[in-house]
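*Asks:* Just the structure for this:
(one chain, ligands or ions: 1)
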Amino acid sequence: MKLLKILAATTAIAALLAGPAFAQTRIALVVKSLGNGFFDAANKGAQEAAAELGDVEVIYTGPTAATAEAQIEVINSLIAQQVDAIAISANDPDALVPALQKAMERGIKVISWDSGVAPEGRQLHLNPSETNLIGETIIKLAADYLPEGGDVAILSAASTATNQNAWIDAAKAALPEKFANINLVAVVYGDDDSVKSTDEAKGLIASYPELKAIIAPTTVGVVAAAQVVTDQNLIGKINVTGLALPSEFKQFIDNGASQAVALWNPIDLGYSAVMLANDLVEGAEAAPGATLSMGRMGELTLDDTSSGAMAAPFTFDKSNIEEFSKIY
Ligand code: RAM
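*Replies:* The predicted structure is shown next:
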């Protein structure tokens, strides 16, 4: 009888230890907003990293709307839960700093990924690719199909989003020198919300009759714009391009609303973010010049703002979107 009891107790403890409740490290993957396929794909990679590390639990969380205020609430709740690390894609570079500083004061490791936090609010930042390269890529995607040049507009995400704003600045900087016949007429913001993005795309089309391309450097905005162009029978007149998730966007390459789009691998990005957060929990230093491990994705060397980039963006068109749409 006694032996049976001991056996039952040890089995119960072993089961508990194997489950995530007893994982030694809890890493929160905080996204701009939930319900975004790009972040769901990043979470796949994050869970893969957790499984590979073995003793890590990834808590996938974020607000319903892509605002800084809502993310601050999420951060405060994670501080109360005493997670070990927060890996955040930020809706604003500055507004989150006080909450994240509070987290760091409590011993929580903080990194940003995808969309950055100002250096004083995090220990390191992981960019998907080089900012200038992304900025140039989104213009080139439009320019490649406009040999005569013409009017283009940008449909972005939140007006405070660090990543989109940095890419738009880089795009604007590349325009006069490299794409002199491309005329950027407007930048509007759809907040990574389908309804708002749809309205903004309609507004652009109504305001700029000569518009030749809508460039949406957001996976949410690019789908909304392509749907509007499709619904308004503007295929062939307005080319929709930007950054798109192949699984969501394939239909618009197929129907001709878009010639080509680009993106990096979001699964790899989420995976890398968790690996980096785990490095910090394990005692790695996040200082300029430091090199950290990203598991199967190799190493990341931090620049003088303690940032680094993962990989180059990849272009998807009729020749390859089918294949990638099955992956992410
Ligand atoms: C949206 C988000 C995300 C961005 C992608 C390209 O899903 O704004 O931050 O990296 O688009």
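*Asks:* Might one say that residue 308 is in contact with residue 127?
*Replies:* Yes: here residue 308 lies in contact with residue 127, judged by CB atoms under 8 Å, at a distance of 6.9 Å. No exception for glycine: its C-beta is placed from N, CA and C like everyone else's.
*Asks:* quick one, which of the two is more surrounded?
*Replies:* The residue with more neighbours, out of residue 308 and residue 127, is residue 127; 25 against 21, by other CB atoms under 10 Å.
*Asks:* The more buried one bridge partners, please.
*Replies:* Beta-bridge partners for residue 127, by DSSP bridges, are residue 309.
*Asks:* From residue 39, how far out is residue 326?
*Replies:* 19 Å (CB to CB, to the nearest Å).
*Asks:* Those two - which one has more neighbours?
*Replies:* residue 39 (25 against 9).
*Asks:* sec struct for that one, please.
*Replies:* What DSSP: H, G, I helix; E, B strand; the rest coil gives for residue 39 is helix.
*Asks:* The nearest residue to it once chain neighbours are set aside and the ligand: what is the separation?
*Replies:* Leaving aside its sequence neighbours, residue 39 sits nearest to residue 31 (CB to CB, 6 or more residues apart in numbering; 3.9 Å). Spatial separation of residue 31 from the ligand under the definition CB to the nearest ligand atom, to the nearest Å is 8 Å.
*Asks:* Check residue 28 too.
*Replies:* The value you get for residue 28 to the ligand, if CB to the nearest ligand atom is used, is 17 Å.
*Asks:* Can you tell me the strand partners of the helix or strand hosting that residue and which way each runs?
*Replies:* Element membership of residue 28, judged by DSSP states H and E, is strand 25-30. Note on strand 25-30: by DSSP bridges, its sheet partners are strand 56-61 (parallel), strand 85-88 (parallel).
*Asks:* picking up where we left off before, what pLDDT does the residue nearest to residue 39 get?
*Replies:* For residue 31, the pLDDT comes out at 98.
*Asks:* next one: residue 83
*Replies:* Reading off the model, residue 83 has pLDDT 98.
*Asks:* cool, and the one 5 residues further on?
*Replies:* Predicted confidence (pLDDT) for residue 88: 99.
*Asks:* who's in contact with it?
*Replies:* If you count contacts by CB atoms under 8 Å, 6 or more residues apart in numbering, residue 88 has them with 30-31, 71, 75, 96, 100, 110-113, 117, 122.
*Asks:* what about the residue of the stretch 51-200 of the chain found nearest the ligand, neighbour count?
*Replies:* Nearest residue of the stretch 51-200 of the chain to the ligand (CB to the nearest ligand atom) works out as residue 157 at 4.1 Å. Neighbours of residue 157 under the rule other CB under 10 Å: 29.
*Asks:* what's the distance between it and residue 177?
*Replies:* From residue 157 across to residue 177, the span is 26 Å (CB to CB).
*Asks:* hang on, the earlier thing: out of the strands paired with strand 25-30, which one sits most buried?
*Replies:* Each of those was scored by mean neighbour count; the highest is strand 85-88, a mean of 30, by mean count of other CB atoms under 10 Å.
*Asks:* Now look at it and say if it contacts the ligand.
*Replies:* No: applying CB under 6 Å from any ligand atom, one finds strand 85-88 separated from the ligand by no less than 11.1 Å.
*Asks:* Name the nearest residue to whatever residue of the stretch 1-150 of the chain ends up closest to the ligand, sequence neighbours excluded.
*Replies:* Across the stretch 1-150 of the chain, the shortest distance to the ligand (CB to the nearest ligand atom) belongs to residue 38, at 3.3 Å. Closest residue in space to residue 38, ignoring its immediate chain neighbours: residue 219 at 4.4 Å, by CB to CB, 6+ apart.
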